[in-house]
Every structure is written in structure tokens, then in C-alpha cells.
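1. here's my sequence, what's the structure:
(chains A and B)
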Number of protein chains: 2
Amino acid sequence: MNFELTREFIEELKSAIDAQDKRKTASMLQDFHPADIVEVYEELNLEEAQFVFILLEPMRAADVIVELEEDDRERLLENVPGDILARKFIDRMDSDDAADIIAELPDDVKADVLSNIADREHAGDIADLLNYDEDTAGGLMAKELITVNENWTVATCLREMRGQAQDIDEIYFVYVIDNDGILKGTLSLKKLLLTKSDQVADVYDKDVISVSVDASAEEVANIMNKYDLVALPVIDGIGRLKGRITIDDVVDVIREEAERDYQMASGISSDVEASDNVWQLLRARLPWLMIGMIGGVFGAKVIELYEGQLSLYPEMAFFIPLIAAMGGNVGIQSSAIIVQGLASNSLGIESNFKKLMKELGVAMLNGLSLAAILLLYNFIDSDSLALTVTVSSALLVVIIFASVFGTFVPLGLNKLKIDPALATGPFITTVNDIMGLLLYFLIGHVFYGFWG
Amino acid sequence: MNFELTREFIEELKSAIDAQDKRKTASMLQDFHPADIVEVYEELNLEEAQFVFILLEPMRAADVIVELEEDDRERLLENVPGDILARKFIDRMDSDDAADIIAELPDDVKADVLSNIADREHAGDIADLLNYDEDTAGGLMAKELITVNENWTVATCLREMRGQAQDIDEIYFVYVIDNDGILKGTLSLKKLLLTKSDQVADVYDKDVISVSVDASAEEVANIMNKYDLVALPVIDGIGRLKGRITIDDVVDVIREEAERDYQMASGISSDVEASDNVWQLLRARLPWLMIGMIGGVFGAKVIELYEGQLSLYPEMAFFIPLIAAMGGNVGIQSSAIIVQGLASNSLGIESNFKKLMKELGVAMLNGLSLAAILLLYNFIDSDSLALTVTVSSALLVVIIFASVFGTFVPLGLNKLKIDPALATGPFITTVNDIMGLLLYFLIGHVFYGFWG
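-> Residues are numbered from 1 along each chain as shown, chains lettered A, B, ... in the order given. The predicted structure follows:
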């Protein structure tokens, strides 16, 4: 049951493929779930993957195509002609998966595929879905629905459902519409099993949560998560039922969203995985490192500005890394809390001013505790009173600055409709590093003036 | 439809509560979904929340209790006697929610609640669930199941299902068991609607994915995500069906997991939200800042060690922040990629050695590009050849060290069954800062020996 890919298995499979042994290759993968075959694919090169692909029955091959990562899919389907793609695979997919895959194809292949889908209703559904932006409810939804009319009897309803169910993988909800196609409610299978009434109107649930086709994917995820929904109906501007979104599609949205925020905070600019190749990893990482390095060069200029002071009091150099690092650490904490709150829509209705005030409170307490500890340490360890006072004062000021800056920037970006996650990671760290150095030397200049 | 809490609404509600106006308060919340009431609660103080709470019908109050954050729930239920808790609320909850809430209670209240649940079968189910660790499949599952025997006829099956469905909110799957209670497969409602056979044995699907009661929550989330499951049956050591996990519970696991990894990487040690109070935020943040500060003090000691060199060549101080920051940045990138890969189980079967080699490749390329750019910059900007060569060489070495360290530590922790996310954030940054400084001055010592 618990599927685990082993290196031995992959080696055996590869040698079967090498020997062009179709029987053995097919039998090794016979009981595999499509999602497991995808894991196998990730270990194969293109040629090997193609060999395996043509051995799969069309239904499973269609499932495998759906489950593959976008770039793997592109490579695999590159040389498959449009009409084969349509007849062998797209015809067997749900409309949402089919639309996602067709959207990735070059324009000429796209038209070719659409015109070759045998089931014209299916083709129409897919063409409709292609009009929606992929990050909206319309882009996430599927057209496969079981609908009943609010004026039907339970018996008609069951008969019609039997007819509609042929085309649909799994039934989670039956939607109730009126004569104009306006969504009126849901009919739970449980109630249908239990009812003694013979009118749909008496049985269905009128409290239905829905989203508009143009709601963002994030909004969809937040609604389904908040209300613990398994399926969510999608309606147009006048309330007509257009499709439904199931939770498994949204789980991917939630996971990708959270992972993306984390990657941004870690200075990784595009979606990469450990299994990607060296070039993909490099492309995702180098840009942020460049920003960090440019920040470092600015930092060097700041220190150069105070070279005179530094050669008089070389011990000031000792605490440069501490001050720079603490500014970065505090800024990342502050921005992470805001970015997560914005993502999960859990910031509440506190005004931004109140949030900044609270952050200021936390910063004061953090700053005072840490500055006091460092004061004590330097008082014992260092001979220079000026250094002792400078380092602790600078630490306090830097922590306060970094907290406010780390809170303010993501909130500001969010107001400007720019992804606040951009603010976390290297950008905040770098700015705080430079500001920290500047504040440190400014404060040092003042205190060494007194005691130096 | 799209619920949005406004400050005006909260103010109006608070003044109705203030005036002890039960009618108005109740009517203002009348059409609210329990999840919306939870959002309202987060804006109220304890006294106000309690006033609202006693106005809710028991069924909705039970739903609200389930949806509340753990600490809010604790405060709200603190003064509610065990027998009321049992009879008014717990009796109305699904077994998994009931068990989660009872597990949070003090031991004496726990026993009191369990003995006061009217439905003894329900009480038994809850008591069973309390035995499982909350981070396992057993801790996530609910006992509410619709099961049919593989030897039944379709007619018996429908009759029995009607009986069982009374107690269950929603039917996603019907599970098929044998006479010993061993899970044999699933019966989809679609097939039941469409079948012409009269034997369950002919209709049910024998390919069923299940997990063991002691599987970890993370494993459950990965399986449900990978296979796009809405419900997952849970079995014991000999294959008997013990319960089922639904996707909505797992969405929370996935979200919390991703958020926790992100928070750890940002140096936030316990689960906090922007809406938490100053003390909670402080407690989550101060410990990591302390670690960062201790690291900074070590960094100061490293620089002090090279004070002589620094007073001879004060320009070496300029690039201290750059070197320290780049070590931190690179280390965070490397560890984030590994931590995410481990969390989503997408590392593939590459050996750890191969992963380190790949990371080394990325590090070499990152390091060489950045070091070359910096070399060019300093060649133009700086008069000191020794400084120019030192800074670029140190940058290259630091990037390589930080990459390998950032990859190795989470992999190592994972081998030792310690949460690899611990390795990201301040710990990696701090170690890399210190090592970076040490390497920088060591290299400086050598090169200034040549050219200084």
C-alpha cells in the first residue's frame, strides 16, 4: 500500500527499457497509480519516459499527463501531434485539467487539439474555460456538474442524476438551479437517501456558499479553508452556475502559495525544487544574491565614510556584524508575521496604525532586553565605555528601525497591490544591514565625542 | 455571500452587548456561519464573547467551539462545567472534533465530560480517539463512517446506509468491510446510482488507498495531496477499518506545516499571528534574537583576534558586512530548498552525496560569478590589490562553505529524526556569519602577506 520508490526498482526498470523489453516494462508498472508513475518519470530521461508513455493504456496515460509537472509535460508532449493528443488523451480528461493542459500548448497546436476533440460539448466546455485567467475561480473550476431543477420531483431528480453521473468521476454535491440556471442551493446525497418528501424543493439546502468566476485563487482557497468545503460552486455576474472547484485543486494552490512565500523569504526567486538541475537552481538563486552583494558594497561605502573614526577606534569594527545581523533578523521576523497574516487573511480589522504601534511595543521590549544584556556583557568585557554605550544604543535603535520598516514595507506593498512577500528576505535584510551600519557609526560618532 | 467584517459592524455589536441587548445581539449574528462568528469573536474581549456565546443555539455554539483557536477556546470554556460541556456541545460534535477539544481540558474535567456524554457509543468512540497522538493518522481521524459488508445485496446496503447516515454530516465514501471488519474497498455513490447488479461484491472498488493509525500527520497530508483524495480510510495493524480522515482536516495540517517552516526560517519559534498580543509575539521572537546576538558576540571575538591586521589594513573592515551577509543568504537558500523538499517528500531518490555534489556545483557557479563581479568592481574602485583579491577569494570560499553547510545540516538533522526546519533561519545564518568572518580574515592574512 504505502508506495516507496527504490533505487533498485528504477535500475531494474531502466535496464528493461534499455533492452526495449516492452512486456517487462509494462508489467513492472502495471499496478502503479498514475501519481506513482509520475514519481518514476522524474527519475527517467526523456527517451526512457517516452518509451514508458506509449506502453500505458490511454486512460492511465491521460491521468499521468495531468499529474506531471508543467515542464516535464511540455517535453513529453512536444512531438505528439494535436489530433492524437485530442483523441487519445484530452477526450478522457475532466474539463479543468484539459483546459490547463491546452493552455500550455503553442497556439497552432491549441486550435488543432480543440478541433479534434470528438465530444463537441466537452470541446465547448474546454473552450469556455480557456477564457479565464488561470489564477481565478474560473481558471480553477471544472464544468462537470450534476444539476437538478428546483421544480423537479425526487424521482425525476434521481433519474436525471443517473444520466449525468455517467460523465463524472465522483459526486460530491448535486447543485439545484432554477429555470434560468441561477444557483439556488445544494442537494446532499445524505438528504436524498433519507428524505420522505417527493419534491426537490422540500429537500435541498438553500444556504449555499459560492464564488464569482473572477474571484482570485487565493480568495477561493481562503473561503474553502475557512468554511471547510470540499467543493465550491462558481457563479457568473447574475448568479448563474458556471462550474465547481474541488478541494484537491485548492490544496495545490494553498501549498504553492505557502511554499512561494517561504522561498521568497529565503531569497529564491522562482519556484524550484531540490530535484531541479543546476541551471534552474542557479537562475532562481543568483538574482537575490546579486541584490545582497550590491547591498554589501553599499555597506562597504558606509564604513569607508567613517574610516577616520574607525582608525581612531578600531574596536568599533568588532560589532559591525552583530549590528548588521540583528537588523536583518528583526526585519525578517516582522515582515514574516505580516506576510503570513496577509496570506491567510488573518490580520483582523486592526488598523495599520495599531499594527505599527504593537510592533513598536514588541520592538521596544526586544530591543531593551537585548541592549541591556549586551551592555552588561561589554561593561565586563570591554575597556571602552564609549564602545559599550555605542553598541547597546545602536542595537536598540536598529531593532526599532528594523521592526517598523519590516512591518511597514509589506503593508505598503499590499496597499499598492504588489505581492508583499517580495519585501521579505534579501531586500529587507539588505536595507536593514545598510541602515544598521549607518545608525551604528552615527551613534558612535556622538558617543565617542563624549567619552572617546 | 462574500462575508467581510467591518469595523462599523463590530462597533455596533459591541454597543449592543454593552447595553445587554440580547435581542439585537442575537439578530445581528443570526445569519452568520460559525466560521464567521469566530472572526467576530477575535474582535471581542472575553466578557463580550461569553455574552454572545450563551445567545447561540447549542448546535451553532458547538460549531463555533470547534472552529475557535485553541487559546481562545480555552478561555471561553474555562468556567463551563463538565456536564454542560458534554450535554450541550460535545454530544453534537463529530468524534474527531470532540476528542481534540476534550484532549485540551484539565484531567478532572476530561473524566467529567466523558462520563456525561449521553450517547455512550459516541463517548466510546471519543475515548478511543483520545489514545492516539494528535500528530498521527489516529489523532486526525473521525470514527463516523458508513460501512457495508462485502456480502450484502445492494438493497440491504441502501437500507443500512440510510440508518447509518442519520449520524453523519456528509457522505463522501462508503467503505466495504468483510466479516472481520477488514477494509476491502470503497463503494462510490456514483456506482451505486448506476449499477444494475444486486450484489455489493460486484460493484465496489477494490483498489483502496489507506493509512495505518500510527502514520504521521505529514505522511497523511502527503498521501492525500499526491493521490488527490477527499477522504482516506485509516486501518489498524491487521487491516481493520478504524476511521477516516477528511481533506479539510488535512488542509489545516498542510497549511500549518508550511507556515511553521516559514516561521522557523524567519526566526519565530512558536506559532504566532499578527493579531496575537505583545507578550505572545515577544516570547516567539526573543529567543532567536538572543541566538543571533550571541553569534554576533562570537563574531566580535573573531574580529578582535585580527585586531592587529585590521589596524594595519583598516580597509578590511569595509567588507565585513558583505562577507557575513552573503554567507547567511546562501546558507538560507540552500537549507530552504532542502527543508521544502523534505516536507513535500519531493527530494526524489538521489543520494545525499549526489545532492551535496549538485549543491556544490550551484555554489561554485554562484560563487565564481559573484566573486568575478566583485573583483572587477574592486579592481576599479580600490587601490589595494591585496584587498581586491582577499574579498573576492573570501566571497567564493564563503559561498561554497555556506552552501554545503546549509545543505548538510538539514539533511543530517532529518537523519537524526530532528525537525530539519530548525536548521534554517537564525542558526544557519549565525554559524555562517562567524565562519565567514574567520575565513575572510584567514584569507586576508595570507594575501596581505604577499601584497600588503
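2. all strands for chain A, in order.
-> Using DSSP state E, the strands of chain A run over A:147-149, A:174-177, A:183-187, A:211-212, A:231-235, A:241-246.
3. from A:Y377, how far out is A:V398?
-> Noted for A:V398: a distance of 17 Å to A:Y377, by Cβ to Cβ, to the nearest Å. Using the backbone N, CA and C atoms, a C-beta is placed for each residue, glycine as well.
4. ignore the last one, A:F447
-> Distance from A:F447 to A:Y377, by Cβ to Cβ: 17 Å.
5. in terms of neighbours, single out the busier of these two.
-> A:F447 (20 against 17; other Cβ atoms under 10 Å in any protein chain shown).
6. worst mean pLDDT across the helices and strands of chain A, which element?
-> helix A:189-194 (a mean of 74; mean pLDDT, DSSP states H and E).
7. identify each buried residue in it, please.
-> For helix A:189-194, the buried set under the neighbour-count rule, 16 or more other Cβ atoms under 10 Å in any protein chain shown, comprises A:L189, A:K190, A:K191, A:L192, A:L193.
8. filter these down to the ones close to chain B.
-> A:L189, A:K190, A:L193 (Cβ under 8 Å from any Cβ of the partner chain).
9. could you dump those residues to TSV with distance to B:L305?
-> Listed next are those as TSV, based on distance: Cβ to Cβ, whole Å:
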residue	distance to B:L305
A:L189	73
A:K190	73
A:L193	78
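10. find the nearest non-adjacent residue to A:L13, please.
-> Spatial nearest neighbour of A:L13, excluding adjacent residues (Cβ to Cβ, 6 or more residues apart in numbering or on different chains): A:M28 at 5.6 Å.
11. can you give me how far stretch A:80-94 is from the chain middle?
-> 29 Å (Cα atoms, centre = their mean, to the nearest Å).
12. what residues of that stretch count as buried?
-> Under 16+ other Cβ under 10 Å, the buried positions of stretch A:80-94 are A:V80, A:G82, A:L85, A:A86, A:F89, A:I90, A:D91, A:R92, A:M93, A:D94.
13. what about the residues you listed, which are in helices?
-> Residues of the buried residues of stretch A:80-94 located in helices (DSSP state H): A:G82.
14. chain B next: which of the buried residues of stretch A:80-94 are close?
-> Applying Cβ under 8 Å from any Cβ to those, none is adjacent to chain B.
15. now do the contacts for the closest residue to A:L130 other than its chain neighbours.
-> In space, and not counting its chain neighbours, A:L130 is closest to A:A99: 5.4 Å by Cβ to Cβ, 6+ apart. Going by Cβ atoms under 8 Å, 6 or more residues apart in numbering or on different chains, A:A99 touches A:I126, A:L129, A:L130, A:G139.
16. same check, this time on A:A284
-> A:Q263, A:I268, A:S269, A:S270, A:D271, A:V272.
17. got JSON lines for the strands of chain A, with distance to chain B and mean pLDDT too?
-> Below are the strands of chain A laid out as JSON lines (distance: least, Cβ to the nearest Cβ, whole Å; pLDDT from 0 to 100):
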{"stretch": "strand A:147-149", "distance to chain B": "13", "mean pLDDT": "90"}
{"stretch": "strand A:174-177", "distance to chain B": "10", "mean pLDDT": "92"}
{"stretch": "strand A:183-187", "distance to chain B": "10", "mean pLDDT": "92"}
{"stretch": "strand A:211-212", "distance to chain B": "8", "mean pLDDT": "95"}
{"stretch": "strand A:231-235", "distance to chain B": "9", "mean pLDDT": "94"}
{"stretch": "strand A:241-246", "distance to chain B": "8", "mean pLDDT": "92"}
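18. that's all I had, so thanks and see you.
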